[in-house]
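Trainee: no sequence on hand, only this structure:
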């Protein structure tokens, strides 16, 4: 059995959600000694896609009678892997997405909510629930220097508490929320990693507090160090499904605090034992109470959930699905 895992985003989308999902899938196959193709010109038994941009390649695979798997709704913050559109405030599949998904043999999603959404909007092929997996070893460092990269890069004192979040800058409401929360918690440092033309965006926000750093997506070394050294991971925009980032938070033992409504992330937020808050002030109070040990951390329980969603377990599930298709 040989698998082609295909996802080729543009350079500016490198190292974001879609690319991390591809790395998880390939890593899961490697753990089980399952070979994968180097490119589409190679020979393979299954082709696994995760972007609507690959419509022509999906059609080619269909015509060649190669079984097609598609990972859907794992990476809705990533423009290269997003499949939903916003229609009058409701997330729905676009006609293009529906057409492409129904050309596949199996569509993978991370939870029951996602499966119900696809079936509601007309996906007729088999939809199976498969965790995106999490590479626990990414948050185990070979040296203190590697683990502390985030402190050195952003010139943060090691004694200072870090609160992290990852998302998109497409929604100005989310940026206003993180600005307000950081303003209410001046003792702590906030790092926001996201996709956008930052220079243009920052000009629209005149009062960014000094303890908040709005950043582009960074290298994997800086990202992993940030997650490992963060006491708290914020989940603010739950209108976009983000199981990959939340599993990373659980694997790095960063306590998740979410802002309601939890929407598409409700199931994964429950699984990572997140604190869910009603508004920005409630988030700020929860941050303070957690860091002052007035409320308990749930990172150990969340880490157990991450372990149950390891790359080894992901590989076992994928192999079962691939074998059935062959």
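Mentor: Now that the structure is in, tell me what you want to look at. Everything numeric here is computed off the predicted structure, so don't read it as measured data.
Trainee: can you get me the start-to-end distance on stretch 126-143?
Mentor: With Cα to Cα, to the nearest Å as the measure, stretch 126-143 spans 45 Å from end to end.
Trainee: over that stretch, what's the mean pLDDT, rounded is fine.
Mentor: Average pLDDT, stretch 126-143: 96.
Trainee: start at 59 instead
Mentor: Renumbered: residue one is now 59, and that last one reads stretch 184-201.
Trainee: how about the helices in the protein?
Mentor: Counting by DSSP state H, one finds helices in the chain at the ranges 75-89, 113-121, 153-159, 170-178, 202-205, 207-212, 230-242, 256-260, 278-287, 301-309, 324-329, 338-349, 357-366, 369-383.
Trainee: go through those and find the least confident stretch.
Mentor: Note on the helices of the chain: helix 256-260 shows the lowest mean pLDDT, a mean of 56.
Trainee: so which of the helices of the chain gets nearest residue 138?
Mentor: The closest of those to residue 138 is helix 75-89. By Cβ to Cβ, the value is 5.0 Å. Using the backbone N, CA and C atoms, a C-beta is placed for each residue, glycine as well.
Trainee: what residues sit buried inside the closest one?
Mentor: Applying a neighbour-count criterion of 16 or more other Cβ atoms under 10 Å, one finds 75-87, 89 buried in helix 75-89.
Trainee: got the angle between that helix and helix 278-287?
Mentor: Relative orientation of helix 75-89 versus helix 278-287 (axes from the mean of the first three to the mean of the last three Cα atoms, to 10 degrees): 90 degrees.
Trainee: quick one: helix 75-89 to helix 369-383, angle?
Mentor: Following the same axes, to 10 degrees, one obtains 80 degrees for the angle between helix 75-89 and helix 369-383.
Trainee: mind listing residues that contact helix 75-89?
Mentor: Helix 75-89 is contacted from outside by 61, 63, 65, 67, 71, 93-94, 106, 108-109, 129, 132-133, 135-136, 138-139, 190-193, 300, 302-303, 369-370, 372-373, 376, using Cβ atoms under 8 Å, 6 or more residues apart in numbering.
Trainee: check contacts around residue 325.
Mentor: 169, 170, 171.
Trainee: cool, and residue 104?
Mentor: 59, 60, 61, 62, 124, 125, 126, 127, 380, 383, 384.
Trainee: and with 10 Å instead?
Mentor: Contacts for residue 104 (Cβ atoms under 10 Å, 6 or more residues apart in numbering) come out as 59-63, 92, 94-95, 119, 124-127, 163-164, 376, 379-381, 383-384.
Trainee: residue 282 now?
Mentor: When contacts are counted by Cβ under 10 Å, 6+ apart, residue 282 touches 193, 195-199, 204-205, 207-208, 276, 306, 309-310.
Trainee: drop anything exposed from those residues.
Mentor: By neighbour count, with 16+ other Cβ under 10 Å, these hold 193, 196, 197, 199, 205, 207, 208, 276, 306, 309, 310 as buried.
Trainee: any chance of a markdown table for those residues, columns distance to residue 318?
Mentor: Converted to a markdown table, those look like this (distance: Cβ to Cβ, whole Å):
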| residue | distance to residue 318 |
| --- | --- |
| 193 | 29 |
| 196 | 29 |
| 197 | 27 |
| 199 | 34 |
| 205 | 33 |
| 207 | 33 |
| 208 | 28 |
| 276 | 28 |
| 306 | 21 |
| 309 | 24 |
| 310 | 24 |
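Trainee: looking at those, which is nearest residue 148?
Mentor: For the buried ones among the contacts of residue 282, the closest approach to residue 148 (Cβ to Cβ) belongs to residue 306, at 28.3 Å.
Trainee: measure that closest one to residue 246 for me?
Mentor: Using Cβ to Cβ, to the nearest Å, one obtains 20 Å as the distance from residue 306 to residue 246.
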